[in-house]
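Undergrad: Predicted model follows, preceded by the sequence.
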Amino acid sequence: MTFRLCCKRVMKITQRSAIALPITGQSYVEWDDETRGFGVRVNADGTRSYIAKYRVGARQKKATIGRVDVMKAEAARKAALKLMTAANDGVDVVEREKASERAPTINDVADKFTDEYIPYHLKPSTQADYLRTIRLFIRPSLGKEKVADLARREIAAFHQSLSSTPYQANRVLGTLSVMLAQAEIWGMRPEGINPYLRVKRFKERKRERFLSSAEMGRLAEALEEEAATALMAATAFRLLIITGCRLGEIQKLKWRCVDFEREEIRLDDSKTGQRTVYLSPQGIELLKAVPRVPGNPYVIVGDEPGAHLTDLQRPWRRVRKRAGLNDVRIHDLRHTFAANAAASGLSLPMIGKLLGHTQAQTTARYAHLAADPVRRANADVARLIAEAMKSSRPNGN
């Protein structure tokens, strides 16, 4: 809008004088005689606003401070002075605020992340976890925050607010860190400033639940009962404990990945990428006994044509109830496989190879079990030495 000065007189602008300015049927400005550049604009319709006139470089600009009927004159004067002082230093506060308003928020990053990153770079199961984390935690708490302004203290406070569920809190922090890294790549945040770094994650108590020999016996009996009415579910659980595979690797296993001649399963896409699962004689026998369904590519066949069995949690609850193993999760079958491998004397690298681990620290949780055969061997050697020393004494004592 173009401002036209129709009155050349000057005045001290107060709340009363601003309200008393006449309505002339056209817009005009009355300037303050105390603070140069501070004025009141009276519009043709009678509305009045405090304004400021300032110069940034070679450009002269005008900005509306606030409406007279909403803002007090002295507050408007202070705001105008602040704006003009910043302009003298070459800073256009108005443009900076407009730019800030246009700046992307965490919600904007989440939208782009959901559309352009998650579908192309994450596995389906991980996609679901990320989408849930963004929807339930990140958007409600941080969605309106400007991504460029998000500081470490805010992320630390957000993480701390989830302290009652430490495992979940750490997963949320992990998702947020990937989002912010992508925001840097997309130019939505300055590069090289990682506010999530050095935010200390909560300690997580790793669950170590392995089935004892007696428990495995009870599980075998329960699986026999389950197989009578739900063969596919029972077969899936047997394959899990005998191969050490992850649930999804067996649940979505296709016959084309099973090579009986080479005695192996070649997974196209596991959690850690392509990998080979070597089959034991027991595993081969179990797989050969699984009935194939024409037109269905999956080993563990579901109720829908051409689909795999989607719900293994419900049958697992039945099985563990029969076996008296109410604290055992499906994933603990994989732990049981690993525990038995460690107890048999296999090295940690070998156990990692069997489980498809790509990082040594993932297998390290079984280190104390892998040491058991060494302890037993050490005890046997010590016993033999002690017996030899005892028998070599003159009196045999």
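TA: Nice, I can see it. Numbers count the residues shown, from 1 in each chain.
Undergrad: So the closest residue to Ala341 other than its chain neighbours: helix, strand or coil?
TA: The shortest distance from Ala341 to any residue that is not its chain neighbour, by Cβ to Cβ, 6 or more residues apart in numbering, is 4.9 Å, and that residue is Ile351. For the C-beta atoms, the positions are set from N, CA and C on the backbone; glycine is no exception. Three-state assignment for Ile351 (DSSP: H, G, I helix; E, B strand; the rest coil): helix.
Undergrad: Settle this for me: Ile351 is touching Ala342, isn't it.
TA: Yes - between Ile351 and Ala342 a contact is recorded at 6.0 Å, counting by Cβ atoms under 8 Å.
Undergrad: Show the model's pLDDT score for the residue nearest to Ala341.
TA: For Ile351, the model assigns a pLDDT of 75.
Undergrad: swap in the one 5 residues further on?
TA: According to the predicted model, the pLDDT of Gly356 comes to 76.
Undergrad: what about it, how many neighbours?
TA: Close neighbours of Gly356, defined as other Cβ atoms under 10 Å, add up to 20.
Undergrad: for the residue lying closest to it once chain neighbours are set aside, which residues make a bridge with it?
TA: Nearest residue to Gly356, sequence neighbours excluded (Cβ to Cβ, 6+ apart): Arg275, at 4.5 Å. Assessed by DSSP bridges, Arg275 has beta-bridge partners Leu267.
Undergrad: host element of Trp31?
TA: Taking DSSP states H and E as the definition, one finds Trp31 inside strand 28-31.
Undergrad: pLDDT averaged over that strand, what's the number?
TA: Confidence for strand 28-31, expressed as mean pLDDT, is 91.
Undergrad: Tell me the helix or strand right after it.
TA: Using DSSP H and E, the helix or strand that follows strand 28-31 in sequence is strand 38-42.
Undergrad: Can you list the buried residues in that next one?
TA: Counting neighbours by 16 or more other Cβ atoms under 10 Å, one finds that the buried residues in strand 38-42 are Phe38, Gly39, Val40, Arg41, Val42.
Undergrad: Nearest to Val299 among those?
TA: Using Cβ to Cβ, the shortest approach to Val299 within these belongs to Arg41, at 77.2 Å.
Undergrad: Please enumerate the helices of the stretch 251-397 of the chain.
TA: Under the criterion DSSP state H, counting those that start in this stretch, helices of the stretch 251-397 of the chain are mapped to 281-288, 313-323, 331-343, 348-355, 360-363, 367-370, 372-391.
Undergrad: got the buried residues for the first one?
TA: By neighbour count on 16+ other Cβ under 10 Å, the buried set for helix 281-288 is Gly283, Leu286, Leu287.
Undergrad: other SSEs contacting that helix?
TA: With contacts taken as 3 or more Cβ pairs under 8 Å, 6 or more residues apart in numbering; DSSP states H and E, helix 281-288 sits against helix 231-243.
Undergrad: Other residues contacting the helix it packs on?
TA: Surrounding helix 231-243, the residues in contact under the criterion Cβ atoms under 8 Å, 6 or more residues apart in numbering are 211, 216, 219, 223-224, 226-227, 245, 247, 250-251, 253, 265, 277, 279-280, 282-283, 286-287, 290-291, 299-302, 309, 312, 315-316, 319, 330, 333-334, 336-337.
Undergrad: swap the cut-off to 6 Å and go again
TA: In this structure, residues lying in contact with helix 231-243 by Cβ atoms under 6 Å, 6 or more residues apart in numbering are 223, 226-227, 250, 277, 282-283, 286, 290, 300-301, 309, 312, 315, 333, 336-337.
Undergrad: Would you mind giving the domain segments of this protein?
TA: For the chain, whose domains are defined here by automatic domain parsing, the residue ranges read 15-100, 106-185, 213-373.
Undergrad: re the thing from before, pull up the pairing partners for the strand holding Trp31, direction included.
TA: In the sheet containing strand 28-31, the strands it pairs with under DSSP bridges are strand 38-42 (antiparallel).
Undergrad: just the strands in the chain please.
TA: Assignment of strands within the chain using DSSP state E yields the ranges 28-31, 38-42, 48-56, 59-67, 258-259, 264-270, 273-278.
Undergrad: Any chance of TSV for the ones you listed, columns distance to Thr235?
TA: What follows is the strands of the chain, written out as TSV (distance: least, Cβ to Cβ, whole Å):
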stretch	distance to Thr235
strand 28-31	85
strand 38-42	80
strand 48-56	75
strand 59-67	73
strand 258-259	13
strand 264-270	14
strand 273-278	16
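Undergrad: Give me whichever of the ones you listed is most buried.
TA: Per-stretch averages of neighbours, counted by mean count of other Cβ atoms under 10 Å, single out strand 38-42 among the strands of the chain, with a mean of 24.
Undergrad: quick one, which of the helices of the stretch 251-397 of the chain is packed in tightest?
TA: Per-residue neighbour counts averaged over each of these give the maximum for helix 331-343, namely a mean of 21 (mean count of other Cβ under 10 Å).
Undergrad: In CSV, list the C-alpha atoms belonging to that one.
TA: The C-alpha trace of helix 331-343 is given here as CSV (Å, rounded to 0.1, in the frame of the first residue of the first chain):
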residue,chain,number,x,y,z
HIS,A,331,12.2,-64.1,19.6
ASP,A,332,13.5,-66.1,22.5
LEU,A,333,13.5,-69.1,20.3
ARG,A,334,16.3,-67.4,18.4
HIS,A,335,18.1,-66.7,21.7
THR,A,336,17.8,-70.3,22.6
PHE,A,337,19.4,-71.4,19.3
ALA,A,338,22.3,-68.9,20.0
ALA,A,339,22.6,-70.0,23.6
ASN,A,340,23.0,-73.7,22.6
ALA,A,341,25.5,-72.8,19.9
ALA,A,342,27.5,-70.9,22.6
ALA,A,343,27.3,-73.7,25.1
